[in-house]
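*Asks:* Please find the sequence and the predicted model below.
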Amino acid sequence: MTTLLWGVLPYVTFALLVAGLIWRHRYDRFGWTTRSSQIYESRLLNIASPAFHYGILFVLVGHLVGLFIPETWTHSLGVSEHTYHLFSLYGGTAAGVLTVAGIVLLIYRRRTNAPVFRATTANDKLMYLVLVAAIVMGMVAKLSHSSGDGYDYRESIAPWARSLFTLQPDLDRMAGVPVLYEIHMVIGMVLIALVPYTRLVHMFSAPVQYLFRPYVVYRSRDPRQLGPRPERRGWEKTGS
Amino acid sequence: MRPMAQIAMVMNLDKCIGCHTCSVTCKQAWTNRRGMEYVWFNNVETRPGQGYPRRYEDQERWRGGWELNRRGALKLKAGGRFRKLAGIFSNPELPEIKDYYEPWTYDYKNLTDAPLGDDYPVARPVSQLDGKPMKIEWSSNWDDNLAGAPAYGDLDPMVERTRTEASEKVRFEFEQSFMFYLPRICEHCLNPSCVASCPSGAMYKRAEDGIVLVDQDRCRGWRMCVTGCPYKKVYFNHATGKAEKCTMCYPRVEVGLPTVCSETCVGRLRYLGVVLYDADRVTAAASVPRERDLYEAQLGVFLDPEDREVRRACETAGIPYDWLEAARRSPVHALISKYRVALPLHPEYRTMPMVWYIPPLSPVVDALSETGHDGEDAGNLFGAIDALRIPLEYLAELFTAGAIGPVRASLEKLAAMRSHMRAINLGEEPDPSVPDAVGMAAGEIEDMYRLLAVAKYEDRYVIPTAAVADARRLEESALPEGCSLDFEGGPGMGGDGPFGQDSGRKLLPLVPVENFHMLRRRQTADDAAEIEET
């Protein structure tokens, strides 16, 4: 079981993520969108969406710092374990609360606003379930181990996560990890695997290049598009 | 000098009868799909009126177009690059669908399925957004023909501005009201703020013909273009989550056909043609400090296709020969630069729009005749222009950022044309002082008359086919990749795909450009001889 969860599942997740992204880019660029529902309702969205997105971005940064900056580095900077714990507890909780508040408002809006609810697919519902579960379990795991110095995941989970990249997963480190953390991790991996197959894929189109390109874009007709080409996904045909 | 070609349009508002044929045919051709129910790439507004979407001209609210920053450089009114990215999670200035209108259909089924009863069954309106019965309260032309103007006319942002400058000129009492129609499509601007707003770089201006398009495969649905366009002519498809806009019917224009809205225009008021412009001068012209100078500044960007220097530069820049020839014969160039009767719509947005309008003059003649004057006498006409029922100030707010001079000059030319042509029609000696008064030669006035009043199909639409070189390329690439013997019943007949008919890879039908034009000649020619000789 340990091998399956911590030795196989991470790689399956990674493979699904990469394969999904390639597949989506190759065959479904037309479907690659945020599918915004702002045009139906924008008052609530203007509050909830930035709250959720900025919250989750901060949470992401927290996870990256926690998992990929070794304890020895922060020690050498003179940051004690207790200081680090407090920082991660309060910072993480603040970001988590912002995220949860955002997503609760977003889901409330999605359920109560008829056009928005009508535009919600089964795929979206599954995605929301996994996303909310991952966020809530993360908060629960963190807060139920918050007394004293809390649970020091930087001596167990973080080295294991780093060992994944050397293709020699350090399974021994995962022994004795609290079960709440384990549940959070499994849901988290499911969520990562789902990204390319749901609307979450829009996170990979963050338009950073906008900062560097000229304002007005000129393009010539693509000679490869002048001749016949197989039909691709696009505007639906009339009468279909 | 960096010359570029642009397919541009001019609409003669004097002739628009507000029949909405352009809107309907455009809708049928392009936006009769789910997700686009509320979208009209072409719409006809009654002015004064709020427009579609409601009050789109109020840029203090919707933040479309460009403005000058403190250093006098152009910046997007909705905020620069960093502000756009920081606010990408929700777009605070996005119009909601109810600012356009909530699309609906009718519960037609009830007409046949209703149980027997005392009342006639009715088809209730049903919202296409949530599928529930709804009350229809607004649509794309709810205030058509000034409907509701006494109550809502004051909401027209241009009426508000006219009032501040020339109070009391705009009235909505029945006897004193005025109106005209304003058909609108995408302006295909030279300095498009929608393109500049797109974070993904999915929107682009085509280098060959200046048509502004959205790459559906690269659009990620950030919706910044909708805010960026001050004319609100980029729309969000709520089914696919992508932006869509008027395409200037590029598949038609590429083979030399006018756009659907032009082709079907009952009043024959639309003109299509090539305009040459200097891309290097666009930014400088768009950043002229005074808004009222923007019209003149944009005229300065256009190049004269008769100029030898320009022609040489165009050749170097790779603009095909037949495009240059089309630019010389272009009705749009004539109306904009030569006769200077066409004016841009809202130049103050600094986007350098390329759909221009000839302001309406019509009611003046009748009005003058009623007062016992000779309505077509030049002296009376010129004098009456300032007292037009459609106030010059209102037209100026629409077309020249408030500068009355160019609007009056344009209307005076139209008045001079009436007077001059009446003299000719009545067999009188035309008074040479009439063309002189508007700075035109008699011959020019007659040419303008031919273009505006006779308005032959060939004169209205001078569209070069996707350049000859390009057409060859098009034709060759349109040949099927398979064996040439694979025709119906032929020796190499390939047969169905692996899973029966309609399976496997399909090729687009083969339509070489020559066949296309031959077919068109056959359809439009009056007799067989005409097909032969062309």
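*Replies:* Thanks, I have the structure now. Note that the structure is predicted; figures quoted are calculated from it, not measured.
*Asks:* Can you check what pLDDT the model gives the most centrally placed residue in chain B?
*Replies:* For chain B, the residue nearest the mean C-alpha position is residue B:185 (3.5 Å; Cα atoms, centre = their mean). What the model reports for residue B:185 is a pLDDT of 97.
*Asks:* Relative to residue B:44, how far out is it?
*Replies:* 10 Å (Cβ to Cβ, to the nearest Å). C-beta coordinates here come from the backbone N, C-alpha and C atoms, glycine included.
*Asks:* Repeat that for residue B:398.
*Replies:* Taken as Cβ to Cβ, the span from residue B:398 to residue B:44 is 15 Å.
*Asks:* Let me see the contact set for residue A:161.
*Replies:* Residues near residue A:161 by Cβ atoms under 8 Å, 6 or more residues apart in numbering or on different chains: A:67, A:68.
*Asks:* again, only using 7 Å
*Replies:* residue A:67 (Cβ atoms under 7 Å, 6 or more residues apart in numbering or on different chains).
*Asks:* tell me which element it is part of?
*Replies:* Assessed by DSSP states H and E, residue A:161 sits inside helix A:157-164.
*Asks:* Helix or strand next in line after that helix, which one?
*Replies:* As assigned by DSSP H and E, the chain's next helix or strand after helix A:157-164 is helix A:179-194.
*Asks:* Quick check: which helices or strands does that following helix pack against?
*Replies:* helix A:9-27, helix A:122-144 (3 or more Cβ pairs under 7 Å, 6 or more residues apart in numbering or on different chains; DSSP states H and E).
*Asks:* What mean pLDDT does the shortest one get?
*Replies:* Model confidence over helix A:9-27 averages 95 on the pLDDT scale.
*Asks:* Pull out the buried residues from it.
*Replies:* A:9, A:10, A:13, A:16, A:17, A:20, A:21, A:24 (16 or more other Cβ atoms under 10 Å in any protein chain shown).
*Asks:* Ramachandran angles for residue B:131?
*Replies:* The phi/psi pair for residue B:131 (degrees, to the nearest 10) reads phi 70, psi 10.
*Asks:* Identify the residue nearest it in space, chain neighbours excluded?
*Replies:* In this structure, residue B:131 finds its nearest non-sequential neighbour in residue A:118, 6.8 Å apart by Cβ to Cβ, 6 or more residues apart in numbering or on different chains.
*Asks:* Check whether the one you found really touches residue B:127, as I assumed.
*Replies:* No - assessed by Cβ atoms under 7 Å, residue A:118 is found out of contact with residue B:127, at 9.9 Å.
*Asks:* is stretch B:45-60 up against chain A anywhere?
*Replies:* No - applying Cβ under 7 Å from any Cβ of the partner chain, one finds stretch B:45-60 out of contact with chain A, separated by at least 11.0 Å.
*Asks:* Contacts only, for residue B:313.
*Replies:* Residue B:313 touches B:1, B:3, counting by Cβ under 7 Å, 6+ apart.
*Asks:* Mind checking the pLDDT average for the host helix or strand of it?
*Replies:* For residue B:313, the host element (DSSP H and E) is helix B:308-316. Average pLDDT, helix B:308-316: 95.
*Asks:* which of the residues in that helix are buried?
*Replies:* For helix B:308-316, by 16+ other Cβ under 10 Å, it's B:310, B:311, B:313, B:314.
*Asks:* try stretch B:6-19
*Replies:* When burial is assessed from 16+ other Cβ under 10 Å, stretch B:6-19 yields the following buried residues: B:6, B:7, B:8, B:9, B:10, B:11, B:12, B:13, B:14, B:15, B:16, B:18.
*Asks:* Then stretch A:82-96?
*Replies:* A:84, A:85, A:88, A:89, A:92, A:95, A:96.
*Asks:* Grab the nearest non-local neighbour of the last one.
*Replies:* The spatially closest residue to residue A:96, leaving aside those adjacent along the chain, is residue A:139, at 4.9 Å (Cβ to Cβ, 6+ apart).
*Asks:* And that neighbour, how far from residue A:157?
*Replies:* From residue A:139 to residue A:157 the distance is 16 Å (Cβ to Cβ).
*Asks:* Between the two, point out the one with more neighbours.
*Replies:* A count of neighbours by other Cβ atoms under 10 Å in any protein chain shown puts residue A:157 above the other of residue A:139 and residue A:157, at 21 against 18.
*Asks:* who touches the more buried one in this structure?
*Replies:* Neighbour list for residue A:157: A:177, A:181 [criterion: Cβ under 7 Å, 6+ apart].
*Asks:* Over to residue B:143: give its phi and psi.
*Replies:* phi -100, psi 30.
*Asks:* Residues contacting the least confident helix or strand in chain A by mean pLDDT, please?
*Replies:* The helix or strand of chain A with the poorest confidence is helix A:2; it has a mean of 87 (mean pLDDT, DSSP states H and E). By Cβ under 7 Å, 6+ apart, the residues outside helix A:2 that reach it are A:171, A:174.
*Asks:* gap between it and the chain center?
*Replies:* 24 Å (Cα atoms, centre = their mean, to the nearest Å).
*Asks:* before we move on, what about stretch B:97-104?
*Replies:* Distance, centroid of stretch B:97-104 to centroid of chain: 22 Å (Cα atoms, centre = their mean).
*Asks:* Let me know the average pLDDT across it.
*Replies:* Rounded mean pLDDT across stretch B:97-104 is 95.
*Asks:* I figured the residue nearest to residue A:96 hits residue A:95, correct?
*Replies:* No - if you go by Cβ under 7 Å, residue A:139 and residue A:95 don't touch, sitting 10.1 Å apart.
*Asks:* you'd agree residue B:414 is up against residue B:376?
*Replies:* No - the criterion here is Cβ under 7 Å, and residue B:414 misses it with residue B:376 at 11.6 Å.
*Asks:* Compare those two (neighbour count), which wins?
*Replies:* Taking other Cβ under 10 Å, residue B:414 and residue B:376 do not tie; residue B:414 has more neighbours (24 against 19).
*Asks:* For that one, which non-adjacent residue is spatially closest?
*Replies:* Using Cβ to Cβ, 6+ apart, the closest residue to residue B:414 is residue B:361 (4.7 Å).
*Asks:* And residue B:441, by the same measure?
*Replies:* residue B:435 (6.1 Å).
*Asks:* Can you tell me the SS state at the nearest residue to residue B:322 once chain neighbours are set aside?
*Replies:* Spatial nearest neighbour of residue B:322, chain neighbours left out: residue B:464 (4.8 Å); criterion: Cβ to Cβ, 6+ apart. Three-state call for residue B:464 (DSSP: H, G, I helix; E, B strand; the rest coil): coil.
*Asks:* for chain B, what helix or strand is lowest in average pLDDT?
*Replies:* Using mean pLDDT, DSSP H and E, the weakest-scoring helix or strand in chain B turns out to be helix B:468-477, at a mean of 54.
*Asks:* who's in contact with the residue nearest to the spatial centre of chain A?
*Replies:* Chain A has residue A:192 as the residue nearest its centroid, 6.2 Å off, counting by Cα atoms, centre = their mean. By Cβ under 7 Å, 6+ apart, the residues touching residue A:192 are A:13, A:17.
*Asks:* Kindly check the end-to-end length of stretch A:190-201 for me.
*Replies:* Start and end residues of stretch A:190-201 are separated by 14 Å (Cα to Cα, to the nearest Å).
*Asks:* er, stretch A:161-173 actually
*Replies:* OK, stretch A:161-173 end separation, Cα to Cα: 10 Å.
*Asks:* try stretch B:206-220
*Replies:* 20 Å.
*Asks:* quick one: low-confidence parts of chain A?
*Replies:* A:223-232, A:236-240 (pLDDT under 70).
*Asks:* In it, where's the longest helix?
*Replies:* Using DSSP state H to define each element, chain A has its longest helix at helix A:81-112.
*Asks:* quick one: it to chain centroid distance?
*Replies:* Distance of helix A:81-112 from its chain centroid, counting by Cα atoms, centre = their mean, is 14 Å.
*Asks:* tell me which element the residue nearest to residue B:414 is part of?
*Replies:* Judged by DSSP H and E, residue B:361 forms part of no helix or strand.
*Asks:* And for residue B:248?
*Replies:* Element membership of residue B:248 [criterion: DSSP H and E] is none; it lies in no helix or strand.
*Asks:* Good, we can wrap up now.
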